[in-house]
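Student: Mind folding the following:
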Amino acid sequence: MFKGLSHFAFTVSDIEASVRWYEMILGLRLVARQRQDNAYTRQMVGFADAVLEVAEFELDPRNANLTLELIQYVSPPGDRPSLSTANVGVAHLSFLVADMDSEYRRLAGRGVEFVTPPVEITEGMNKGGRACYLKDPDGITLELFQPVTGTGAAT
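Tutor: Below you'll find the model as predicted:
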């Protein structure tokens, strides 16, 4: 049986640009960097020539084991598929926020691309909350989610 969560990962095109964006724009704390150029990585990812640049960010200060992992495949280089959230297998990561309006203004002021401004959730288990999607430099979808006060439900 599973014991908990370890990390969530996105493949990015430029690790240096992504590290700067996630640190400087989102304000996440970088906790580790490494180059993975070894046999076990090649075996695990299934590419005989795999070389990865990896950055780990803290997602929850209360749980040091839960991180966001950004990975650039130096070798083999990847394709740029459509990251439309309607496509099978495309994921998004949702960040809980206490004040949607101030986070939206802060990020929009830093040039972050939003799909829409915050919307009120009018139905379902998160009714009364607010949410919006935004894009990272590679077009990966992230979400800001402000639940109804006192809940921690996710969209």
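Student: quick check: mean pLDDT across stretch 4-17?
Tutor: If you average the pLDDT over stretch 4-17, you get 94.
Student: quick check, Val54 in a strand?
Tutor: Yes - in this structure, Val54 lies within a strand as judged by DSSP: H, G, I helix; E, B strand; the rest coil.
Student: so what's it up against?
Tutor: Neighbour list for Val54: Ile15, Ala32, Arg33, Gln34, Arg35, Gln36, Glu69, Leu70, Ile71, Gln72 [criterion: CB atoms under 8 Å, 6 or more residues apart in numbering]. C-beta: built from backbone N, CA, C; applies to glycine.
Student: Okay, and the third one sits in which element?
Tutor: Element membership for Arg33 (DSSP states H and E) is strand 29-36.
Student: And the protein, what are its domain boundaries?
Tutor: By the assignment in automatic domain parsing, the chain contains the domains 7-75, 93-146.
Student: other SSEs contacting the helix or strand hosting Leu144?
Tutor: Assessed by DSSP H and E, Leu144 sits inside strand 141-146. Here strand 141-146 touches strand 93-96, helix 100-109, strand 130-135, going by 3 or more CB pairs under 8 Å, 6 or more residues apart in numbering; DSSP states H and E.
Student: okay, the ones you listed, which one's buried deepest?
Tutor: When these are scored by mean count of other CB atoms under 10 Å, the highest mean neighbour count falls to strand 130-135 (a mean of 19).
Student: got the angle for that strand vs strand 141-146?
Tutor: Strand 130-135 and strand 141-146 meet at an angle of 160 degrees, taking axes from the mean of the first three to the mean of the last three CA atoms, to 10 degrees as the criterion.
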